[in-house]
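Enquirer: Quick one, fold the following:
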Amino acid sequence: MKITFDPDIPVDIQPQLEQLVRDSVHEKCSCGSDEIYVSIIDNKIIDIKCYDCGHSFFEVEIDIEETEE
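Expert: A predicted model of the protein is given here:
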């Protein structure tokens, strides 16, 4: 399974999200694709969907802490 992350998803949380996807999505999409696209909505909802057809497997709400630089 190939997992592609939206550029808006912070790099430091990508390993945890990748593990979540691998633990949760066990089959190819009904369209036959095994590529997953992980996007973020309103900086708090992670949408796990098929890269090819856009079918949403599931959504997860997260809390991204703002860090001061």
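
Enquirer: What strand or helix carries the residue most central in space within the chain?
Expert: In the chain, the C-alpha nearest the mean C-alpha coordinate belongs to V38, at 2.5 Å (C-alpha atoms, centre = their mean). V38 belongs to strand 35-41 when assigned by DSSP states H and E.

Enquirer: same question, R22
Expert: helix 14-24.

Enquirer: How about residues contacting that helix?
Expert: M1, I3, F5, I9, I36, V38, I46, I48, F57, F58, V60 (C-beta atoms under 8 Å, 6 or more residues apart in numbering). Placement of C-beta: from N, CA and C, glycine included.

Enquirer: Off-centre distance for that helix?
Expert: Distance, stretch centre to chain centre, for helix 14-24: 8 Å (C-alpha atoms, centre = their mean, to the nearest Å).

Enquirer: same deal with stretch 45-53?
Expert: 6 Å.

Enquirer: Just the residues contacting that stretch, thanks.
Expert: 2, 4, 9, 17, 20-21, 24-25, 29, 31, 33, 35-41, 55-62.

Enquirer: Please repeat the previous calculation with a cut-off of 10 Å.
Expert: The contact list for stretch 45-53 (C-beta atoms under 10 Å, 6 or more residues apart in numbering) reads 2-6, 9, 13, 17, 20-21, 24-25, 28-41, 54-62, 64.

Enquirer: Thank you, goodbye.
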